[in-house]
Structure formats: structure tokens, C-alpha cells
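> Predicted model, plus sequence, below.
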Protein chains: 2
Amino acid sequence: MRAMTFSEYGEPSVLKLRDDMPEPAVGPDDLLVEVHAAALNPVDTKIRRGMYPPRDEAIIPGYDVSGVVLSLGANVPRNAFQVGDAIYASPCLIKQGAHAERVAVDWRTAAPKPESLDHVHAAAMPLVTLTSWESLYTRARVHRGETVLIHAGAGGTGHIALQLARVEGCRVITTASRPETIALCNELGADHVINHRETDFVEAVMQLTDGKGCEVVYDTVGGAVFDKSLDCVAVNGRMVTIVMNNSDQIVPKLFRKNATLHMEFMGVPTVVSINPSCQGETLRTAAELIDAGKLKPHVHKVVPLEDLAAAHEEQQSGKVIGKIVIKVK
Amino acid sequence: MRAMTFSEYGEPSVLKLRDDMPEPAVGPDDLLVEVHAAALNPVDTKIRRGMYPPRDEAIIPGYDVSGVVLSLGANVPRNAFQVGDAIYASPCLIKQGAHAERVAVDWRTAAPKPESLDHVHAAAMPLVTLTSWESLYTRARVHRGETVLIHAGAGGTGHIALQLARVEGCRVITTASRPETIALCNELGADHVINHRETDFVEAVMQLTDGKGCEVVYDTVGGAVFDKSLDCVAVNGRMVTIVMNNSDQIVPKLFRKNATLHMEFMGVPTVVSINPSCQGETLRTAAELIDAGKLKPHVHKVVPLEDLAAAHEEQQSGKVIGKIVIKVK
């Protein structure tokens, strides 16, 4: 089949379009899905750079899919999915992905595509929705009355997290720096947008919270932003990070605040096969929010499969607003 | 009044017995308590060494008390406490403590002394019970079916945490190294005691959990034990530490496990005055467990007030089993 793939780690130029890639291996728990659209995520660029365990095959990336069920494995319950169903899901990070004509996904991690979205917009949702949902709802358990700091509120996971926090009635402070990203944060309901190029975000957060800090801080950036974000956490607060770091400031800065650090890696249910159905359930509930008009993706750009390398370059620039979607069919 | 006190930081010899210390300042939310017994905790030795913010007075340490109410501040509700009531509590870490004839405690942080314990045994409970309770129940939310690793199961907080985890029906793995500490862990219901002088505790934990690690790890030691404990956390697990550290291994070791680190500092409700009544409520519920025979203190030694410096030396040795109690009256 046709797919974008790479056999060596490195720059985006390692990505090659091939017509002779093997069909996906469809296990007993899998749906074989005809890919209509797939999205791009920072994890694609990390896997391409060799930051994940090596594999004995040319790797097809792509960890978001919206498409149509072509066939079903033997374990898939008859009442769960049928051939022809439109579904959306986030394929397993250590198997072949969706930047291809077809992909296999565990039926327990998939959900019917939201009716109000076409495949392009549905493909923008799964990975960032699962990440934001698990971070803010499952882990940090945000609730009405709490102030939540969301970094990069116009980014892929940021723009979904911002909306999920608003759905729960939280007060949302977010960071952005360009007119168009600030505008998107405002449109999506942010209560305060801190221009982090013009202002120190710690000072701004402290001013906005009467010196108390935020009950919940969501770090989507890492590095120096992570360390500074520790100063934004309120006493008894929670911080969530979705980015690897080597900080030695976690306990010194959070201990006397009696605070918690959650590390969120959305790949666990698929990579380790622990409770994979939680992903399908989350995507079903998210579809209800989407169809009710309470949650929507922002699509930065739609590109054809053959332009994936350029899309990787753009993803790495940090300038993407919302999501880049790869239209496959 | 009579009290043990210090005016300079340093070795235990800075502690002096004085007869002329000012009576406690009794605020509108305070109970004035005649101290019958008080306990010693590692935090006493940390404050003595200058690890807490300096104060403009000779410091009286002592952050556990069991005693009798002598008078009540104007805000204390009539139905809460009466003169003559026997109470137990953990006094505020940044005010004068209980190694004295009298101490003031916020009524919201106090509870009636468990009926089944004398003052000496009741004084052994508050600080370690609050610490273990908040760590395992409020934060990590341990529950039946989970495996919990508790370091130093014969230590002050360890021996209470071990019992609290058993009350919830958890499987408890603990560490100890001397015959008498191993015996206490077994007596208190540990399922497995790892002799950490003879065995690598990470290897032992992995063997006992079929390579999965523990859902909850409770670090009471810090330093290298903290870093190694990160390897004992299961996927989706939670770790709690009650000790400051500068580890840079937290995110590298916990990120792909989708895990959580809770930092537990029991001083927050009194030091920052956030929800102080949670401490009184916890001590009331703990008293029910105590009177039902499900939770008990282990008293290592009872010493008179004038022997406090020697007790500090012993506390710092790491050889204390359970608690050292200071008998004041």
C-alpha cells in the first residue's frame, strides 16, 4: 500500500513516500481502517529522530486517524463496530501508524467519528484530546472554581485543554505570543491570555491570582517553562506535564506547597495494553461534547501525504496553530 | 513556664531547659493545653538545625501533644471543646511547640484523645498519623487490591502508614533491616518485609510483583532511596514523598509510566491556615480506628523533658523504632 515511511532516523528528509509497503497486520482485537485523514503531532517528529525504541521495519508514523472500517478482527464484538463505520482513534505509538492508505487500530481505543465533523477535522482530535482529557480530567481532576494555567493555548494539546477546562467551568489563564494565537485563545474562551514574549508569565500569573498561584498548571512546553511553571502552582495544587525533562527543582519547589506532579503519557493504554478501552470511552464522550458544539479542533493546514516532510518541518518550528492534518483519501 | 528551648541553631546541645519561658499566646481560635506528653519527630531536629524560617524568639519545639484543655479562645464553638477535655493534636510548626508545660493549638486541628490510649501513647500519634493519612488516603488514595511499598515500616510515619494501608486492605511490602524492626513490621501486618541491608529492594519488589512494581510507593527516607524507589512504581502508579530532595530523575523515570509524584507536607493546614479543620477531622477518625484496635502507636522510649537533647541525638541516629515520647506531666 501507499504510505510515508522512514528506515533511518534523522531530519524530515528521511521520510519517503512508498507504494509497496506491506498491508497492516490486523490482530484479533483490531479494526482495519481505510485512512481518510490523519494528523501530525510532536510525537511523530520525536519517533523520526529516534527517541523511541528501534523497530525491525520501515516505520510508518501517524498517530491520529479518521476513516472507515474495512474489516474486523475475531475478538471485536458484533455490536461494537461494523464494516463501513466511520471511526476516529489514536493508533498505537509502537505499531505502524496512519500516514498510509490503511491502518490497524485496537477496537477498544476507537470511537464513532463525531457526526458534526468531517474526516479532516475528526483526524485532528484523538491524540490531543486523549492527552488533555487524561491530564485535566483523569489526573488533575479540574473543577469549577479552580484556576488553570494552560501553556501554549493555541497549540495542539493546548487548544483542546483550554476548551476542556472551560467545559468544567474553570477559570483559564493561557500563554500565547502572536496576534493570531492570542485571537484563537480568546475565541476559545480563555479568561486571560498572557503574552509570554512581553511579560514574565510567573509574575503575570501571581498578579492574576492575588499571589496564590493556580490550582492546576498544564505544561505542554517543558524545559525552562517547566521549571518556571513550578512557581505558578498554588499550595495543595497539581501540575501536569506532557513533556520529558530533567528538572532537579521539582521537590524543592513543590514540597512545602504540598503539591502534586502528574506525568501524562497517553501512549500507555496502547503501548502497554493497560485498560485500552479507556481511550475508546474518552473519545465517545468527547464526540458528545464536539457534537454539542462545546469542543472543536482548529486545523492549521491540510496537506497531502506526499508533503509530510514539509509538515514535519513546520511542526518543529513551534508555529503551528492547532493541528496540521494529512489528507490521505 | 518550664520548657525546652533554643536560641541558636546547631547540635542538640543548643537545647536548654528554662523555667522562665513566656506563657503561650492564645489566639481566638486556640485551645490552651496543659501538656501531659509530647512526641519527638524528625522535623524537630530540622528546625533545630535551622532548616525552617528564623523567628524572633527562643524556639520551643515539639509538634505532637496529648493533654488537657485549660482555656479556650473566643472563636472556639461552645459545643467543640470544654475546659478539662483530654485532646491530642499536632501544634503549628512555626509557633511555639509542646516541649513545655503548656501549648496553644488551633481547636480545628485538635481532636478528643482516643479513649483507649493514655497521654503517652496518644502523644505518639498526631504528626505521623496526619502525614501517613494524607499521603496514603487523601493523596495516593490507596485501595483494596493495590500493592503499597512503605519504606522504613518500623519508623515513626512508616509504622502508622503500614497499618493504614492494611486497614484499606492493601498488600503491604515494607523495608527494615534489624531483627526488632522486622519483627515489628510483621506484627503490624506487613505482607512482605524486605531486609534492605541484605537484598536490593528494587529487585525484591520486582520479584514480589511479577515485574510490575507497586501501585503506590511511600518514601519516608529520601536521597538515594527516593531515586531507587522511582524504579518500584508501576505503570499508572503513584509515589508519595515526605522528604525534601533534589532528584533530577523524577520525570525521566516516571514519564513513560504515566505516573504521579505527590509531595506531602503535613504542615500546610497550620502554617498556611488552609483548611485546618481537616486535621481535626482526620484525628477524630483516626481515634475511631485506634479505639477499635486497628491502629496503634509503637513507643520506643519515654523520656523526661530535661532529656530532650539526648532524645534528639537518638532520633537522628535513624535507630528509633516507632516514636520517642517526652513525658512532661
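Structure's in. What do you need?

> C-alpha from now on. contacts and neighbour counts both.
Will do.

> Just give the number of residues close to the residue of the stretch 51-200 of chain A found nearest chain B.
Nearest residue of the stretch 51-200 of chain A to chain B: A:Arg139, at 8.5 Å (C-alpha to the nearest C-alpha). A:Arg139 sits with 20 neighbouring residues when counted by other C-alpha atoms under 10 Å in any protein chain shown.

> for the closest residue to A:Val167 other than its chain neighbours, helix, strand, or coil?
The shortest distance from A:Val167 to any residue that is not its chain neighbour, by C-alpha to C-alpha, 6 or more residues apart in numbering or on different chains, is 7.0 Å, and that residue is A:Lys294. With DSSP: H, G, I helix; E, B strand; the rest coil as the basis, the three-state label of A:Lys294 is coil.

> A:Lys294 and A:Lys113, how far apart?
Noted for A:Lys294: a distance of 16 Å to A:Lys113, by C-alpha to C-alpha, to the nearest Å.

> Give me the more crowded residue out of these two.
Neighbours per residue (other C-alpha under 10 Å) separate A:Lys294 from A:Lys113, with A:Lys113 holding more: 24 against 15.

> The more buried one against A:Gly84, yeah?
No - with contact taken as C-alpha atoms under 8 Å, A:Lys113 and A:Gly84 are classed as non-touching, separated by 11.8 Å.

> What residues does the stretch 201-329 of chain A have near chain B?
Where proximity means C-alpha under 8 Å from any C-alpha of the partner chain, the interface of the stretch 201-329 of chain A facing chain B comprises A:235, A:244-252, A:254-266, A:268.

> mind listing what A:Thr181 touches?
Contacts of A:Thr181 were listed using C-alpha atoms under 8 Å, 6 or more residues apart in numbering or on different chains, and they are A:153-154, A:321.

> give me that answer again for 10 Å
When the contact criterion is C-alpha atoms under 10 Å, 6 or more residues apart in numbering or on different chains, the partners of A:Thr181 are A:152-155, A:159, A:175, A:187, A:193, A:195, A:319-322.

> A:Ala224 now?
The neighbours of A:Ala224, taking C-alpha under 10 Å, 6+ apart as the test, are A:245, A:247.

> Let's see the pLDDT reported for it.
The model reports A:Ala224 with a pLDDT of 96.

> Tell me how far it lies from A:Asn246.
Distance from A:Ala224 to A:Asn246, counting by C-alpha to C-alpha: 10 Å.

> The host helix or strand of A:Val235 pairs with which strands, and in what direction?
Using DSSP states H and E, A:Val235 maps to strand A:233-241. In its sheet, strand A:233-241 lies beside strand A:214-219 (parallel), strand A:260-263 (parallel), with partners assigned from DSSP bridges.

> Output these as TSV; include the columns mean neighbour count, distance to B:Ala122 and mean pLDDT.
Shown next, in TSV, are those (neighbours: other C-alpha atoms under 10 Å in any protein chain shown; distance: least, C-alpha to C-alpha, whole Å; pLDDT from 0 to 100):
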stretch	mean neighbour count	distance to B:Ala122	mean pLDDT
strand A:214-219	27	35	98
strand A:260-263	26	30	98
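
> Distance to B:Lys46 added to those, as JSON lines?
What follows is the strands paired with strand A:233-241, written out as JSON lines (distance: least, C-alpha to C-alpha, whole Å):
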{"stretch": "strand A:214-219", "distance to B:Lys46": "29"}
{"stretch": "strand A:260-263", "distance to B:Lys46": "23"}
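
> returning to what we had before: out of the contacts of A:Thr181, which are inside helices?
Mapping the contacts of A:Thr181 onto helices (DSSP state H) picks out A:159, A:187.
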